[in-house]
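Undergrad: after the sequence you'll find the predicted model.
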Amino acid sequence: MMFKILFIIFMTPLIAKDIYFTRSGAISFFSSTPIEDIKANNEQATCVLDMETGSVSFRIPIRGFIFKNSLMQEHFNENYLESDQFPYASFKGQVNDWGEINLSKDYQSIEIKGMMNIHGVSQKITEVGRISLRDGRVIGNSIFKIKVADYGIEIPKLVRENIAKVMEINIDLDLKKK
Amino acid sequence: MRVFIFLITVFCATEAQDDLLDLIDDGSSSPSIPVEATFKATRIVNAQSIELSRPQTLEFMILHRFGSMQNGFYDLFGMDEAAIRFDLKYGLSDRLSFGLGRSSLNKTYDIFTKIKIVKQTRGSNPFPVSLVLFSKIEIETIIKGIDIADRLTYDLQVLMARKFNRSFSLQIMPTLIHRNLVDTLDDPNDLLSCGFGGRIKMTNRTSFNFDTFLPISKRQESFKQSWGIGVDIDTGGHVFQLMLTNAQGSFESQYIEQASGGIQNFNLFLGFNITRVFTL
């Protein structure tokens, strides 16, 4: 009896996790000014969703952002995000009222709050998104905005007209069961 | 016993609250990543750097050297005179670029290519250095009425560079210059040398650069070792390079072999390079 109890307690964290994840989440950002539009796509985002608790974790390699203009991409890594020092952006958070959400084929609006870390700076954020469950896969997407200055990323005076102060972030996820 | 079970439960609960990302960590290591921006421009100061024009981009470069500073205010530290060079290069892929240029010094035209043989990478399968082959043919046109073969000079360089960390890069460049026509019988046609150059980043957009070339084969007594120090300023679409050097020409046979200045009497040259990139 004692052994059984111990066994169950030990195994609980290993077997009870109902985890959905992806390693190829699509994340893009968009900067729009009257002078130019800048866009970069990243399809290497890792995202994990715990179906029991509704907690989520993201890890986004900064070098995975691909620009059309390779010079911009170099500047992005070298001068703005400093990806040598801060190779990943991350987010750790929780879907609000997860217990009341019943996943179905139709999209439902959700609210996620947690800590976003970009360029070594952490900020508490709350953003909205949509989620659905189709063919055993969790589909999620979200569009939100972040302020570049919040994460200690400086835009020099000379290009202030070319780079937006607020970036639009677009997230598209297709999570499969672990 | 109850205490024991309680402790284990607490222990397991904390374990379960570890980062979710760890749960899908399958231990696969990250792929190797090429090291970018060893240097900011295609030149260090005078010397070629291992950087190529980027794929499908056209790069226009102005290399401007003023006259000698030795006359002081009389000609405003050489600003009344100038040796200028224009070049235009195109990146065919991330491993091959080519271009052509013209320098006012000796009215010299040139065509050149850079081939990236190996890229420095880091990650699971790192490679310590980048290797680039640089070759150029210079055509001097200042003298009229001589054979085309007598106008030619060939430059061949192996550029080997390593970016040690985000703010320090070093480059070694064994160099062979072959002149078809030499001034006297004592002058060798082939000149061997080895160059050294480096970059120290000061801020995200500025760096201090230096380069110099040491002769290996025999030289005339009048030969002076060339050197240059400079500052790179990256403004987004442009890179400005300001420099102080003892060689006025900004093509290989000039800045490696024909350095004329020295620190005595401030017989040095101020200059700048401007790079403008056009994405096609």
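TA: On my side now, so go ahead.
Undergrad: alpha carbons only for contacts and neighbour counts from here, please
TA: Will do.
Undergrad: who are the contact partners of the closest residue to residue A:55 other than its chain neighbours?
TA: Spatial nearest neighbour of residue A:55, chain neighbours left out: residue A:94 (4.2 Å); criterion: C-alpha to C-alpha, 6 or more residues apart in numbering or on different chains. For residue A:94, the contacting residues are A:53-56, A:112-114, by C-alpha atoms under 8 Å, 6 or more residues apart in numbering or on different chains.
Undergrad: same check on residue B:217?
TA: Each residue near residue B:217 by C-alpha under 8 Å, 6+ apart is listed here: B:191-193.
Undergrad: tell me what the residue nearest the centre of chain A is bridged to.
TA: By C-alpha atoms, centre = their mean, chain A has its centre lying nearest to residue A:58, at 4.7 Å. Counting by DSSP bridges, residue A:58 forms beta bridges with residue A:47, residue A:91.
Undergrad: so which bits of chain A are right by chain B?
TA: For chain A, the residues in contact with chain B (C-alpha under 8 Å from any C-alpha of the partner chain) are A:6, A:9-10, A:12-13, A:21, A:47-50, A:56-59, A:69-72, A:74-75, A:78-79, A:84, A:158-159, A:178.
Undergrad: just the buried ones among those residues, please.
TA: Taking 16 or more other C-alpha atoms under 10 Å in any protein chain shown as the criterion, what is buried in the residues of chain A next to chain B is A:9-10, A:21, A:47-50, A:56-59, A:69, A:71-72, A:74-75, A:78-79.
Undergrad: can you pull the pLDDT of the residue nearest to the spatial centre of chain B?
TA: Residue closest to the average C-alpha location in chain B (C-alpha atoms, centre = their mean): residue B:49, at 1.9 Å. On pLDDT, residue B:49 comes in at 96.
Undergrad: residue B:197 too?
TA: At residue B:197, the model reports a pLDDT of 97.
Undergrad: quick check: it touching residue B:226?
TA: No. Under the criterion of C-alpha atoms under 8 Å, residue B:197 is not in contact with residue B:226, lying 11.8 Å apart.
Undergrad: mind listing the shared neighbours of those two?
TA: residue B:212.
Undergrad: any idea how far residue B:263 is from the residue nearest to residue A:55?
TA: Look at residue A:94 and residue B:263: by C-alpha to C-alpha, to the nearest Å, they are 66 Å apart.
Undergrad: again with residue B:218
TA: For residue B:218 relative to residue B:263 (C-alpha to C-alpha), the value is 23 Å.
Undergrad: what about those two, which has more around it?
TA: Taking other C-alpha atoms under 10 Å in any protein chain shown, residue B:218 and residue B:263 do not tie; residue B:218 has more neighbours (13 against 10).
Undergrad: list the contacts for that one?
TA: Neighbouring residues of residue B:218 by C-alpha under 8 Å, 6+ apart: residue B:191.
Undergrad: can you check the pLDDT for it?
TA: Residue B:218 carries a pLDDT value of 86.
Undergrad: got phi/psi on it?
TA: Residue B:218 adopts backbone torsions of phi -70, psi 140, taken as degrees, to the nearest 10.
Undergrad: kindly report the same for residue B:106.
TA: Dihedral angles of residue B:106 (phi, psi; degrees, to the nearest 10) stand at phi 60, psi 20.
Undergrad: which SS state does residue B:265 fall under?
TA: What DSSP: H, G, I helix; E, B strand; the rest coil gives for residue B:265 is helix.
Undergrad: show me what contacts it?
TA: residue B:70.
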